[in-house]
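next one to model:
(one chain, ligands or ions: 1)
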Amino acid sequence: MEFKTYPDRELLMVSLADQIASQLRAALAQEGRATLSVPGGTTPGPIFDILSEIDLDWANVAVVLNDERWVPVSSPRSNTALISQRLLINRAAKARLLPLYMNADTPEERLDALSDNLRPNLPISVLLLGMGADMHTASLFPGADRLEEALSDDAPELMALRAEAAGEPRITMTARVLKDAMHTHVLITGEEKKKAIEAAQNLPIEQAPIKSILHNATVHWAA
Ligand SMILES: O=C(O)[C@H](O)[C@@H](O)[C@H](O)[C@H](O)COP(=O)(O)O
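Predicted coordinates for the structure are as follows:
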């Protein structure tokens, strides 16, 4: 794992957006297509604002969330709504959204359709992840009902998980898909998350699921 410290959050966001754009450009040059996977939550908004203005061949970029809360897009908790409003606009409006939500009562009802849609766009070219202070990433929460399966190397691409800390049911990429990404960045801010990522290294993976992707990740941090 590489740990990069930035003087402040603004510099972190600008610099990381630039690194992501360069890696997408390289993937586009090599393969003519690229897949970018991003987190929801409260931290990445500013990076989406910057990325959306960057000049690249967005028409050949597929964008997909790492995970989604099973709520309608009209909910303020919808990660799909977040990226629709802050990432898939401006120049990035040309990118193709691979959905992680379709109207239904439970994620299980839509897992097959969403997975079939995702599969041809794997592996992920550039993976941006967030992390909770409880050391979850995507929706791989410590204590989640099917965590062991979601961390295993023969997991399907997507799974539905439930965890007390998660609130609503989640749909998430499994560790296998996250580990296969060509480039992995973890975006964290604040002292609490810095301590959590340090602590994660000495804990079993079930208690610190972020560990599943740390070995070849760059962690970007600012206070
Ligand atoms: O839907 C989600 O909640 C996320 O994708 C999740 O994995 C997130 O990245 C972390 O919970 C950090 O969230 P914050 O940035 O809000 O702390």
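
please count neighbours and contacts with C-alpha atoms only from this point.
OK.

now the helices for this structure?
9-31, 45-53, 79-86, 111-118, 147-151, 175-179, 191-200, 211-214 (DSSP state H).

redo those as CSV? Include mean neighbour count and distance to E157.
Putting the helices of the chain into CSV (neighbours: other C-alpha atoms under 10 Å; distance: least, C-alpha to C-alpha, whole Å) gives the following:
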stretch, mean neighbour count, distance to E157
helix 9-31, 17, 21
helix 45-53, 20, 25
helix 79-86, 20, 19
helix 111-118, 16, 6
helix 147-151, 19, 9
helix 175-179, 22, 6
helix 191-200, 15, 24
helix 211-214, 20, 15
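
any idea which of those helices gets closest to L127?
helix 175-179 (7.5 Å; C-alpha to C-alpha).

mind checking pLDDT for F3?
Looking at F3, its pLDDT stands at 98.

cool, A199 as well?
Looking at A199, its pLDDT stands at 97.

equivalent analysis for E68, please.
98.

about what we covered before: can I get the helices of the chain in a markdown table with distance to the ligand?
Below are the helices of the chain laid out as a markdown table (distance: least, C-alpha to the nearest ligand atom, whole Å):
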| stretch | distance to the ligand |
| --- | --- |
| helix 9-31 | 13 |
| helix 45-53 | 9 |
| helix 79-86 | 6 |
| helix 111-118 | 17 |
| helix 147-151 | 14 |
| helix 175-179 | 12 |
| helix 191-200 | 9 |
| helix 211-214 | 13 |
